[in-house]
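1. got a predicted structure plus its sequence, pasted below:
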Amino acid sequence: MTTRTKLASAAAAVLAVTLTGCGAADMTQQTSPYANVDGAKTVTLSVQSWVGAQANVAVAQYLLEHELDYRVDTVQVDEVPAWDALSQGRVDALLEDWGHPEQEQRYVEDKKTIARGGDLGVTGHIGWYVPKYFADAHPDVTDWKNLNKYADEFRTPESGGKGQLLDGSPSYITNDKALVNNLDLDLQVVFAGSEAAQITQIKQFAKEKKPFLTYWYEPQWLFNEVPMVEVKLPKYTDACAEKGAADPKTVDCAYPTTPLQKYLNADFAKEGGKAAEFLKRFRWTKEMQNEVSELIASKGLTPEEAAERWVKDHREVWRAWL
């Protein structure tokens with residue numbers, strides 16, 4: 001996400017199998033043998049490394065295969081390289097983008113090799129969070145101006161004597177290091193390595209009722225199991241965003257709230273038939289995505305099993321997409 005994810009419990013094991021490891025090797029050279037094959041009734045979907053994106057793809061794939069008789073292939077690609085793959089036709093669709101204005105300008109507006117696929121229906125938001133049990137005991141921690149007061153309580157062996165700000169994967173584009181520096185916070189950004197690893201650490205902290213400060217985002221099923229409260233950072237403004245676009249090291253405001261978007265390869269958008277029309281109409285809610293995500297990440301279902309269960313329970317929703 002222009003801005004985004006995230007040893008070893010059963011949930012983490014499930015996530016490690018079902019998700020692309022954030023921070024894993026760059027997979028931009030991986031491509032589907034079915035992408036853009038003339039006359040073939042196939043679709044290739046890009047899969048992002050966080051479980052919400054996996055939920056989108058799982059449900060779309062299930063319906064494309066079982067209702068529209070397409071063969072669906074999936075390719076795991078990191079956020080920014082996914083745009084290159086989409087432009088080149090190595091994938092047909094990207095179902096959850098958190099806002100990459102440079103890529104949008106280059107491929108949608110200038111080269112016209114990528115077409116907009118419409119809103120996903122889910123609004124994304126990134127922020128810093130503390131567990132609700134800690135915020136209840138220390139209400140002022142939800143104001144960034146008071147974070148230094150609690151830095152010692154957030155300290156871990158990995159944070160080098162400062163308070164730990166837990167991030168997910170180094171592959172995600174975040175503003176956290178700039179924010180720590182520009183807001184003069186006694187914090188150290190520590191990367192868990194992946195969304196799965198970050199979830200495991202958060203759940204372990206919560207089990208032990210320890211204080212923690214973490215980069216996190218909505219939609220995310222983990223809020224159902226570990227209630228968290230957002231820390232208010234300086235208000236997001238367009239001026240701050242413009243300044244940050246010119247020089248990311250200058251960012252000193254909160255993350256924006258982002259309506260998540262879908263994008264299609266331009267040729268596929270025109271010639272992809274029922275599959276392209278279906279993906280343009282694919283639109284659901286945060287609650288629906290979280291329902292499927294939790295089945296995958298926490299309940300031990302495979303993406304296909306989770307999608308099948310959701311499809312059986314929500315026929316009135318997906319029929320409109322067809």
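-> Thanks, I have it. Numbering: from 1, shown residues only.

2. tell me what the longest helix seen in the chain is packed against?
-> The single longest helix within the chain, with elements called by DSSP state H, is helix 51-66. Applying 3 or more Cβ pairs under 8 Å, 6 or more residues apart in numbering; DSSP states H and E, one finds that helix 51-66 contacts helix 10-18, strand 42-47, strand 71-76, strand 93-97, helix 273-281, helix 286-297, helix 303-313. Where you see a C-beta, it was placed from the backbone N, CA and C, and this is true even at glycine.

3. buried residues in the third one?
-> I take that to be strand 71-76. Buried positions in strand 71-76, judged by neighbour count with 16 or more other Cβ atoms under 10 Å: 72-76.

4. single out whichever of those has the smallest pLDDT.
-> Within these, the minimum per-residue pLDDT falls on Gln76 (92).

5. surely it and Val47 touch.
-> Yes: counting by Cβ atoms under 8 Å, Val47 is a contact partner of Gln76 at 5.0 Å.

6. for the helices and strands packed on helix 51-66, which one sits closest to Ala137?
-> helix 10-18 (26.1 Å; Cβ to Cβ).

7. what residue lies at the spatial centre of the chain?
-> In the chain, the residue lying closest to the centroid (Cα atoms, centre = their mean) is Trp50, at 4.8 Å.

8. that one contacts Gln198, correct?
-> No: the pair Trp50 / Gln198 is not scored as a contact, 10.0 Å apart, by Cβ under 8 Å.

9. sketch out the helices for this structure, chain order is fine.
-> Counting by DSSP H, one finds helices in the chain at the ranges 10-18, 51-66, 79-87, 101-103, 132-137, 176-182, 195-207, 238-246, 266-271, 273-281, 286-297, 303-313, 315-318.

10. any low-confidence regions in the protein?
-> Low-confidence segments of the chain (pLDDT under 70): 1-40.

11. can you list the domains in it?
-> Residue ranges for each domain of the chain read 10-124+258-321, 125-256, as given by automatic domain parsing.

12. and the end-to-end length of the last one?
-> Read it as domain 125-256. Distance across domain 125-256, first residue to last, is 7 Å (Cα to Cα, to the nearest Å).

13. run the chain-centre distance for that domain.
-> 16 Å (Cα atoms, centre = their mean, to the nearest Å).

14. re earlier: out of the helices and strands packed on helix 51-66, the one nearest Leu264 is which?
-> Comparing the helices and strands packed on helix 51-66 against Leu264 with Cβ to Cβ, the closest turns out to be strand 93-97 (5.0 Å).

15. helices and strands around the closest one, which ones?
-> Helices and strands touching strand 93-97, by 3+ Cβ pairs under 8 Å, 6+ apart, are strand 42-47, helix 51-66, helix 79-87, strand 114-131, strand 257-265.

16. distance of Ile173 relative to Gly273?
-> Here Ile173 is placed at a distance of 34 Å from Gly273 (Cβ to Cβ, to the nearest Å).

17. one more: Glu102?
-> Between Glu102 and Gly273 the distance is 31 Å, computed by Cβ to Cβ.

18. still on that earlier bit, tabulate the helices of the chain (CSV), appending distance to Gln164.
-> What follows is the helices of the chain, written out as CSV (distance: least, Cβ to Cβ, whole Å):
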stretch, distance to Gln164
helix 10-18, 19
helix 51-66, 23
helix 79-87, 24
helix 101-103, 31
helix 132-137, 13
helix 176-182, 11
helix 195-207, 10
helix 238-246, 24
helix 266-271, 43
helix 273-281, 40
helix 286-297, 23
helix 303-313, 32
helix 315-318, 40
